[in-house]
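Visitor: Sequence and predicted model, in that order:
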Amino acid sequence: MYGFGNPGRQDDGLGPCAVEEIEKRRLPGVTTDANYQLQVEDAAAIAEHEMVIFVDASVEGKAPFTVRKVFPAKTLGFTSHAVNPESLLQICTEVFGKHPNTWIIGVRGYEFDFAEGLTEKAKVNLDLVLDYINLLLSEYKGRKMAEKSADKKTILIIDDDADLRASMRIMLEASGFSVGEAADGTEGIKIAEKIKPDAIIVDLMMETIDAGSRLSTHFKDTGFHGPIFLLSSAGDTVRYNIDARELGLAGIFQKPVEHKVLVNTLKKQLKIE
């Protein structure tokens, strides 16, 4: 885990602060580092690991944080010794022949003046991202320790929020699931026919206010027998307006998604030890 940013500029220090907090937990098998910026020399360090998590402050990203997969850059780009995660992964691949699973988490920050200490809102986001990272690491470790199952379960996520899909996908893949994604109902139907998911998670409100419920009905009517879950940002009121049993739903996940609940619920529904 590598946190980068300047602790002398308020919330720009979110990356190093995240690393500091993870170090306090003394998690086995986890190494940490922090600096003002990434450097070319860091490629040698990440080449020694099978998974790398970069943490940085986000100026305009969604709160509390966003997650995305990092892929090697097609062309290298850096100034002096400073380098971005994509270029660093490209160096790692070309020079050391290694390509670790690499993700970057952008924690939403609010103030970036020359002063020490995080803002109160940034501290709240930091606590949430630490819970996410802790769960991600424990799920990943648990999967690596277990024997790889030939019966790998596949989850299809249908949601028009790319950031939400990314955070869920990374957590589910770390937990041993195979994951498919779609941004709307039409694409979701096509992907479902292709990957034959064991469970489907669909957003309630996409193209229309009831797109998710209508899509759930479609899957049931066309013979899908696995569990279907709705995603809702409408709060508890959605429970009074939608009869989950009538729609054949296995349940409703509220946004922002509690990833621990998500993973545990899917494992229970799909009878995964």
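Guide: That came in fine, so what should we check first?

Visitor: starting at the chain centroid, how far to stretch 157-176?
Guide: 6 Å (C-alpha atoms, centre = their mean, to the nearest Å).

Visitor: show me what contacts Y140?
Guide: Contact analysis of Y140 by C-beta atoms under 8 Å, 6 or more residues apart in numbering lists M51, A174, S175. C-beta here means a position set from N, CA and C on the backbone, and glycine is covered the same way.

Visitor: I'd like the distance between the residue at minimal distance from the centre of the chain and P256.
Guide: Residue closest to the mean C-alpha point of the chain, counted by C-alpha atoms, centre = their mean, is S167 at 2.0 Å. According to C-beta to C-beta, to the nearest Å, S167 and P256 sit 9 Å apart.

Visitor: Likewise for K74?
Guide: Taking C-beta to C-beta, one finds K74 at 33 Å from P256.

Visitor: between the two, which one's more packed in?
Guide: Each of K74 and P256 has its neighbours counted (other C-beta atoms under 10 Å); P256 has more, 14 against 9.

Visitor: which residues in this protein form strands?
Guide: 2-4, 33-35, 51-58, 65-69, 78-79, 82-83, 101-108, 154-158, 178-182, 199-203, 228-232, 251-254 (DSSP state E).

Visitor: mean confidence for the fourth one?
Guide: When you say that, I think you mean strand 65-69. In this model, strand 65-69 has an average pLDDT of 94.

Visitor: From the contact counts, what lies against it?
Guide: strand 101-108, helix 120-145, helix 162-174 (3 or more C-beta pairs under 8 Å, 6 or more residues apart in numbering; DSSP states H and E).

Visitor: Could you export the ones you listed as CSV, including mean pLDDT and distance to E193?
Guide: Shown next, in CSV, are these (pLDDT from 0 to 100; distance: least, C-beta to C-beta, whole Å):
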stretch, mean pLDDT, distance to E193
strand 101-108, 96, 28
helix 120-145, 90, 28
helix 162-174, 94, 19
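
Visitor: per-residue confidence for E23?
Guide: 94.

Visitor: quick one: it from Q37, how far?
Guide: In terms of C-beta to C-beta, E23 sits 20 Å off from Q37.

Visitor: who's in contact with stretch 23-34?
Guide: 1-4, 15-16, 19-20, 22, 42, 45, 49, 134, 137, 141.

Visitor: so how many other residues sit close to the closest residue to L38 other than its chain neighbours?
Guide: In space, L38 comes closest to V83 once its chain neighbours are excluded; the distance is 5.1 Å by C-beta to C-beta, 6 or more residues apart in numbering. With neighbours defined by other C-beta under 10 Å, the count for V83 comes to 23.

Visitor: Quick check, V83 in contact with I46.
Guide: No. If you go by C-beta atoms under 8 Å, V83 and I46 don't touch, sitting 11.5 Å apart.

Visitor: What number of neighbouring residues does E181 come out with?
Guide: E181, neighbours per other C-beta under 10 Å, totals 17.

Visitor: Check H225 too.
Guide: By other C-beta under 10 Å, the residues close to H225 number 9.

Visitor: Next, find the distance separating it from E273.
Guide: Distance from H225 to E273, by C-beta to C-beta: 22 Å.

Visitor: What of L135?
Guide: 18 Å.

Visitor: Equivalent analysis for A115, please.
Guide: Applying C-beta to C-beta to A115 and E273 gives a distance of 50 Å.

Visitor: Equivalent analysis for A250, please.
Guide: Applying C-beta to C-beta to A250 and E273 gives a distance of 19 Å.

Visitor: Could you do V67 as well?
Guide: Counting by C-beta to C-beta, the gap from V67 to E273 is 26 Å.

Visitor: Between the two, which is the more surrounded one?
Guide: The neighbour comparison of V67 against E273 (other C-beta under 10 Å) goes to V67, with 22 against 5.

Visitor: and the gap between that one and A166?
Guide: Relative to A166, and taking C-beta to C-beta, V67 is found at 5 Å.

Visitor: repeat for T31
Guide: 24 Å.
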